[in-house]
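Engineer: Next one to model:
(2 chains)
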Protein chains: 2
Amino acid sequence: MSHLSRLSLNQATIKYADLATALSVTAGAGIDAIGLWREPVAAVGPAQAARMVADSGLRVSSLCRGGFFTASSPDLRREALDDNRRAIDEIATLAQAGAPGSAPVLVLVAGGLPEGDRDLAAARGRAAEAVGELAEHAAGVGVVLAVEPMHPLYAADRGVISTLGQALDLVADLPAPVAGVVVDTFHVWWDPALPAQIARAGAQGRIASYQVSDWITPFPGDALLSRGMMGDGHIDFASFTRLVRQAGYTGDIEVEIFNQEIWDADPGQVAARTAKAFGESIGPGL
Amino acid sequence: MSHLSRLSLNQATIKYADLATALSVTAGAGIDAIGLWREPVAAVGPAQAARMVADSGLRVSSLCRGGFFTASSPDLRREALDDNRRAIDEIATLAQAGAPGSAPVLVLVAGGLPEGDRDLAAARGRAAEAVGELAEHAAGVGVVLAVEPMHPLYAADRGVISTLGQALDLVADLPAPVAGVVVDTFHVWWDPALPAQIARAGAQGRIASYQVSDWITPFPGDALLSRGMMGDGHIDFASFTRLVRQAGYTGDIEVEIFNQEIWDADPGQVAARTAKAFGESIGPGL
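Structural biologist: Just a heads-up that it's a prediction; the model follows:
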């Protein structure tokens, strides 16, 4: 059971469960931590969500997600930054309400190219600037901004930060306790520079979150729902997890799976299945 | 019309046309070069294909494709190498039959992970070894082995070489006239290291082929048919082409599009549409 103590169930894996259900099935499956999403938190309000989290006895491992700040219009940009400041406050509150060991980590997805805009380098530059602009607010409430490199598959329409190395470059000028990176197996497993970049992330104290899900084939029709349960695909989780462990990461490991079949299943059964797969696939690397 | 003189129509763009049709619609659209595929060449036999190419007056810009040599079984590995030697001989003959300026370039797609195998690093190692083993045969008939980095989307099931930098590392120990790389916009456009790696490829004399197609969204249901005509998606072809030009590449530029809608259209119309899109999207970078 010691491996299971590192497991956090990310709410996206049981997307259709409301917050109360998510908390109860997580605890019910013997899982000690949960990764929260803003939408189900907003559905009850952040203050009520914090009380529910406190009552659950679970740790909070992160809040998904801020970001989406690649807009070129100043108005849209300001809106995005304001919304991110609210997200920072939310995770500060939620992590405080969670059990000891909770992590005040806000996962940031950069966003894609604006409509009709083909300047990828400029969009990447705006993402970097936005993280810099949020740093002071995050530092003020003790929140870690965690930049998530996304699979190059999403570079056009979702996340212009495509590699771990690029994410580390992006946060390099900010203090490590304020800005880190998310290491997500689905997004970066293919990267030939992975061992070096995970070691670099660890040495710089930048691994703010470790998320796992599998790369499955044939590639599903909906590119956003293409992740699988660990063991169902091609990723060598034991080796990957060993790299993250050797880099010094000791925090929670979130299982975050976007998959219609898993979403359609009973959330309690998904939580149980997640715990089993975690033990089998991630356990050997811990 | 000077820009059009650099255009080569890759047969994959008009997949359902036989070799005779492909040659005639290419010439009919005012295009001077064609990128051949092994299957339509095999359908008439390599000797007859060479005669047809000679009669067409077109240049041959490459043959697609060899590779698929990541198998771990020695028998499958030997079969793959033998087949690649045949492909090398085919492109040597076809390029000789083509108009002056034809390029004896064999495009190599590494292949994916063997069934049930999750060791990506080992598969990459086998791909590198295989290219090394083919080098002598290629050198003997004056053929360039062109390693194509594929989009990370295909790392599991099609091509374990995922970045231009990785492809350049793979061929680094072989002489430049024998082993180069394919720069394909669809596969590498997202790479933050792109400008540096294209410059590196050029400085080392390694750009054996430049292929273009667009990245379109929403991502189509079939991951293998997800490319678009230049201008229909998110890639900045003028900037990309400028990088390739500045790196010293002066060869043909192949339009290679896997797209069901384009395949279903009349090949003559596709050739004409390709020439128009080439002028509009690639022309400004030349």
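
Engineer: residues from the stretch 151-286 of chain A in reach of chain B?
Structural biologist: Applying CB under 8 Å from any CB of the partner chain, we find that the stretch 151-286 of chain A lies next to chain B at A:151-153, A:155-157, A:162-163, A:165-166, A:189-192, A:215, A:217-219, A:221-223, A:233-236. In short, each C-beta sits where N, CA and C put it, glycine included.

Engineer: Just these: which are in helices?
Structural biologist: Those of those mapping onto helices are A:165-166, per DSSP state H.

Engineer: Pick out the residue of the stretch 1-150 of chain A closest to chain B.
Structural biologist: A:Arg118 (4.0 Å; CB to the nearest CB).

Engineer: Would you mind listing which of the residues of the stretch 151-286 of chain A next to chain B are buried?
Structural biologist: A:151-153, A:155-157, A:162-163, A:165-166, A:189-192, A:215, A:217, A:219, A:223, A:233-236 (16 or more other CB atoms under 10 Å in any protein chain shown).

Engineer: circling back: mind checking how far the residue of the stretch 1-150 of chain A closest to chain B is from A:Asp83?
Structural biologist: 26 Å (CB to CB, to the nearest Å).

Engineer: do the same with A:Gly180
Structural biologist: 20 Å.

Engineer: Comparing those two, which residue is more hemmed in?
Structural biologist: A:Gly180 (23 against 15; other CB atoms under 10 Å in any protein chain shown).

Engineer: Check the secondary structure at the residue nearest to the more buried one when sequence neighbours are not counted for me.
Structural biologist: Nearest non-adjacent residue to A:Gly180, counting by CB to CB, 6 or more residues apart in numbering or on different chains: A:Ala208, 3.2 Å away. Following DSSP: H, G, I helix; E, B strand; the rest coil, A:Ala208 is assigned to strand.

Engineer: Is it correct that A:Ala208 is in contact with A:Leu108?
Structural biologist: No: between A:Ala208 and A:Leu108 there is no contact under CB atoms under 8 Å: 9.8 Å.

Engineer: Between these two, which contacts overlap?
Structural biologist: Taking CB atoms under 8 Å, 6 or more residues apart in numbering or on different chains as the criterion, A:Ala208 and A:Leu108 both touch A:145-146.

Engineer: Point out where chain A drops to low pLDDT.
Structural biologist: A:1-2 (pLDDT under 70).

Engineer: can you give me the helices for it?
Structural biologist: A:19-28, A:38-44, A:46-56, A:74-97, A:120-140, A:164-171, A:185-188, A:194-203, A:237-246, A:260-264, A:267-277.

Engineer: Buried deepest among those, which one?
Structural biologist: A comparison of the helices of chain A by mean neighbour count, using mean count of other CB atoms under 10 Å in any protein chain shown, puts helix A:185-188 on top with a mean of 26.

Engineer: And that one, what does it pack against?
Structural biologist: Counting by 3 or more CB pairs under 8 Å, 6 or more residues apart in numbering or on different chains; DSSP states H and E, the packing neighbours recorded for helix A:185-188 are strand A:207-212, strand A:214-215.

Engineer: residue closest to the middle of chain A?
Structural biologist: A:Val107 (5.0 Å; CA atoms, centre = their mean).

Engineer: Pull the residues that contact stretch A:255-266.
Structural biologist: Contacts of stretch A:255-266 (CB under 8 Å, 6+ apart): A:7-10, A:12-16, A:35, A:64, A:184, A:211-213, A:220, A:222, A:224-230, A:270, A:273-274, A:277-278.

Engineer: before we move on, what about stretch A:171-184?
Structural biologist: A:105, A:107, A:131-132, A:135, A:138-139, A:143-149, A:164, A:167-168, A:198, A:201, A:204-213, A:244, A:249, A:256.

Engineer: Quote the end-to-end distance of that stretch.
Structural biologist: 17 Å (CA to CA, to the nearest Å).

Engineer: So for it, what gets flagged as buried?
Structural biologist: Applying 16+ other CB under 10 Å to stretch A:171-184 flags A:171, A:174, A:178-184 as buried.

Engineer: can you pull the buried residues of stretch A:53-67?
Structural biologist: Buried residues in stretch A:53-67 (16+ other CB under 10 Å): A:53, A:56, A:58-67.

Engineer: Weed out the non-buried ones from the contacts of stretch A:255-266.
Structural biologist: Buried subset of the contacts of stretch A:255-266 (neighbour count, 16+ other CB under 10 Å): A:7-10, A:12-15, A:35, A:64, A:184, A:211-213, A:220, A:226-230, A:270, A:273-274, A:277-278.

Engineer: Output stretch A:206-219 as CSV, nothing but the C-alphas.
Structural biologist: Extracted C-alpha coordinates of stretch A:206-219, given in CSV (Å, rounded to 0.1, in the frame of the first residue of the first chain):
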residue,chain,number,x,y,z
ARG,A,206,11.1,22.7,-11.0
ILE,A,207,9.0,19.5,-10.9
ALA,A,208,5.7,20.9,-9.5
SER,A,209,3.5,18.0,-10.7
TYR,A,210,3.9,14.6,-12.1
GLN,A,211,0.8,13.4,-14.1
VAL,A,212,0.4,10.0,-15.7
SER,A,213,-1.8,8.5,-18.5
ASP,A,214,-1.0,6.2,-21.4
TRP,A,215,-0.5,6.8,-25.1
ILE,A,216,-2.9,4.4,-26.9
THR,A,217,-3.2,3.3,-30.5
PRO,A,218,-4.9,3.4,-32.9
PHE,A,219,-5.1,7.1,-32.2
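
Engineer: Please tell me how far it is from the chain's geometric centre.
Structural biologist: 10 Å (CA atoms, centre = their mean, to the nearest Å).

Engineer: quick one, longest strand in chain A?
Structural biologist: Scanning chain A for the strand with the most residues, using DSSP state E, yields strand A:59-67.

Engineer: Disregarding residues adjacent in the polypeptide, which is nearest to A:Pro46?
Structural biologist: A:Glu90 (4.9 Å).

Engineer: what's the answer for A:Asp157, then?
Structural biologist: A:Gly112 (4.1 Å).

Engineer: Touching, that neighbour and A:Gly159? I think so.
Structural biologist: Yes: judged on CB under 8 Å, A:Gly112 makes contact with A:Gly159 at a distance of 6.7 Å.

Engineer: And these two? Which one has more around it.
Structural biologist: A:Gly159 (26 against 21).

Engineer: How about the contacts made by that one?
Structural biologist: With CB under 8 Å, 6+ apart, A:Gly159 has these contacts: A:67, A:109-112, A:148-150.
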